[in-house]
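Engineer: fold the following and give me the result.
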Amino acid sequence: YDHNGVFSGSITIVDKQPIIMYTGEGDLGEVTCLAFPADPRDPDLKKWVKYKSNPVARIPPISVLNGTRDGFRDPSTWWRTSDGFWHHVIGIGLKEGDPVVAGRGGVLSYRSPNIYDWKYEGVFFVGPPEHNRTFFECPDFFKIGQHWVLKYSVSDDHWQVGTYDEQTNGFSPLKSGMFDHGGSPGFYAAKTFHAGPTDRQVSWHWVRESNYDNNNAMRRGFSGMQGLPREISVDADLTLRSIPLPEFSTLRVKHWHYDDIRLDSETIFLHDPDTQQPLQLDAYEIRFTFSQATMDQYKAGGFGVNIRVSRSTTEKTIIGIFPETPVLDAMTIFPFSDAKFVFNTSRECEGFCETDRRCAGWSFVKDTQPGDCLVYTEHHRLLQTPRALSKRRGLLMIDPTVSSLETPCPKMRSALFNHKTSEVRVFVDRSIAEVFADKGSVAVTSRMYPTSEDSLGIQVWAEHGSVVFDSIDVYEMEDIWAGSAPPPHPPDRKPRPPGRPLWKYLLGLACVLLIGNVSLFRTFMPLKYRRGLLA
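Structural biologist: Numbering: from 1, shown residues only. Predicted coordinates for the structure are as follows:
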C-alpha cells in the first residue's frame, strides 16, 4: 500500500503517545496510513512501526464525490470534538462532475471514534474560483484563541480565518490571505504544530531550490531546506501574522547599530564603526525602521537594503520598499497590445511573466475578485500603467535576479503591504532570505546563489529621491552547529557495494537461467528473475 513512496503527514499526541498519520502510495493509489513509535521511551523516536491494518482511510468513490478527483494526500493533525470523535482534513482536487466545484482544489474531512477506524465525513472546504485546475496539498486546521485557521498549499500557501461549528463539522471562512509571497519554489508546504508549554502555534516550511537541476544538487550536496520556524497569531481584525520565533535572538553574537542615515539617490556599504571596514556577513538579521513622516517628506521612489553583495557589486540581492504602488481596481492589464489579459490565478500571472523576456517578476494580489496581476521589469516598474487606480499601498520586493553569476537566477518576488509600515526585518542565512513587514502580516522568501567568495557585503540605498533610515540594526547570527559537528553532506555519487567479485554475479546469472529455464537469447526477463539477478 506504500511501496511507491511515503508522502507528507502529521503527528498527533494521543494519551501521551505520538502517532504518525501519513500518505502512502502503492497499488491502491494514495491512501492514509498510521505508524507508531517502536520504543515510546526513545527521546529521539528514531524507529517507527507501521500499523498492521493499514491503510486506515481511502479516497471516497466517484459516486460519493459526484465526479472524478485528483490527488488525495497530506492528512492534518487531529482535533477532538465534544462528542468524543477525532477529526482530520486531507487535500484533494475535484476534477469533473459538480459544476460548482469541478476543477477546483478542496479539503475533505474524516472522523474516527478510536483513531483506527476513519470514515469519510464530507467536503470540508472548496477553494475559491482562482484556485482552479489543481488540488490542495498540506492542509492544516487549528485554533488560535477564538479563531479557527485553515491553511493549504496550491502554488502558494494560503490561509483562511473563520469559525467552526462542531455540530455540523462546518467551517465558515471570513478572511483570507497568503502565508508568504515567495511562492513555489521559494516558500511551500508549510506545516504547523501547537507548542503546548508556551501555548503558541508554530509553523515551518519547505524552501525548494530556485535553479534546481541534478548537477547543481549533486555539486552542493543538498536540495531544498527548511525555513525559519514562525509564530502564528491572529489579530482582532482576523489578519494572520507570522514572525520568526523570538528564540532566534539567542543566536545573536555581534551587534552594529546606525542612527539617522540619510541617502539622496545613492547606495552605500555599511561599515563597522570601529574598524571602518565594510561588514562581511553571510548569516545575520537586519532590522531597519523609517517613519511615515520621513516618507512623506522625502518622497523617495524606493529604498531598501542589498544583501550578499560582492565587492564589485556584480552579485547582490535587492530588498526594496516602494512607498506608493498603484493597485489595479480590476483583474485586467494591457501589457503590450490592445488585447485584454485576464488573470484568474497566480499561476496565470506567473505564466504571463514567463512568456515575456522583459518580465523580471510578478505579484498576484488578491485585493479584488478574483485578483490583480502586477508585472515588473528589471527596473522594478510596471510594464504598463493600469487603466485605473483604486488606492495606493507600499510594495515589498526581493529581487535576486542579479544574486549570482550562475544562471538562471530566481525571479523577483513582491507583495503589497500596509502603507503605514515602519519596520522591516530581514533574515539572511547564506542562500536564503526571509523578509517580514507590517508586523508579520506580509512575508517574502527567496533563494539566492552567490558564487563570489566576497559576496558578503550589506548596502543601503535610495532611488529617485531621498530617504532617512531612522535606525538600522545588524545582528550577526551564530551557526546552530557551533560546538558540534554538522550533519555530513551526502556524497556526490552513491558508492558501490564493497567486495562482491565478478564471478559471483556470473554464478548468480547461471543459476537463474538454469532454474527458470530461461533462454539466453531472451531480451526481457520476467520481473521475478530480474529481482533474483540483482539480489
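
Engineer: so where does residue 115 fall, helix or strand?
Structural biologist: Assessed by DSSP states H and E, residue 115 sits outside every helix and strand.

Engineer: how many other residues sit next to it?
Structural biologist: Residues near residue 115, counting by other Cβ atoms under 10 Å, number 18. Glycine gets a C-beta too; all of them are placed from N, C-alpha and C.

Engineer: and for the one 10 residues further on?
Structural biologist: Number of residues near residue 125 (other Cβ under 10 Å) recorded here: 21.

Engineer: and residue 47, by the same measure?
Structural biologist: Neighbours around residue 47, by other Cβ under 10 Å: 9.

Engineer: residues in contact with it?
Structural biologist: 37, 38, 39 (Cβ atoms under 8 Å, 6 or more residues apart in numbering).

Engineer: which non-adjacent residue is nearest the first one?
Structural biologist: Counting by Cβ to Cβ, 6 or more residues apart in numbering, the nearest residue to residue 37 once its immediate chain neighbours are dropped is residue 45, at 5.0 Å.

Engineer: adjacent strands (with direction) for the helix or strand hosting residue 459?
Structural biologist: Using DSSP H and E, residue 459 falls within strand 457-463. Paired strands of strand 457-463, with direction, are strand 267-269 (antiparallel), strand 302-309 (antiparallel) (DSSP bridges).

Engineer: deepest of these, which one?
Structural biologist: Highest mean neighbour count among the strands paired with strand 457-463 (mean count of other Cβ atoms under 10 Å): strand 302-309, with a mean of 25.

Engineer: next one: residue 205 from residue 403, what distance?
Structural biologist: Distance of residue 205 to residue 403, computed by Cβ to Cβ, to the nearest Å: 20 Å.

Engineer: residue 249 too?
Structural biologist: 27 Å.

Engineer: can you give me the helices for the chain?
Structural biologist: Using DSSP state H, the helices of the chain run over residues 62-65, 183-186, 214-220, 292-298, 346-355, 502-516, 527-534.

Engineer: before we move on, back to that, show me which of residue 249 and residue 403 is the more surrounded one.
Structural biologist: A count of neighbours by other Cβ under 10 Å puts residue 403 above the other of residue 249 and residue 403, at 28 against 11.

Engineer: so what's residue 348 scoring on pLDDT?
Structural biologist: On pLDDT, residue 348 comes in at 69.

Engineer: and for residue 210?
Structural biologist: pLDDT recorded at residue 210 is 75.

Engineer: contacting residues around the closest residue to it other than its chain neighbours?
Structural biologist: Distance criterion Cβ to Cβ, 6+ apart; nearest residue to residue 210, sequence neighbours excluded, is residue 410 at 3.6 Å. Neighbouring residues of residue 410 by Cβ under 8 Å, 6+ apart: 186, 210, 211, 400, 401, 403, 446, 447, 448, 449.

Engineer: ok, the closest residue to residue 320 other than its chain neighbours to residue 316 distance?
Structural biologist: Leaving aside its sequence neighbours, residue 320 sits nearest to residue 304 (Cβ to Cβ, 6+ apart; 3.9 Å). According to Cβ to Cβ, residue 304 and residue 316 sit 11 Å apart.

Engineer: what's the answer for residue 12, then?
Structural biologist: Residue 12 sits 45 Å away from residue 316, going by Cβ to Cβ.
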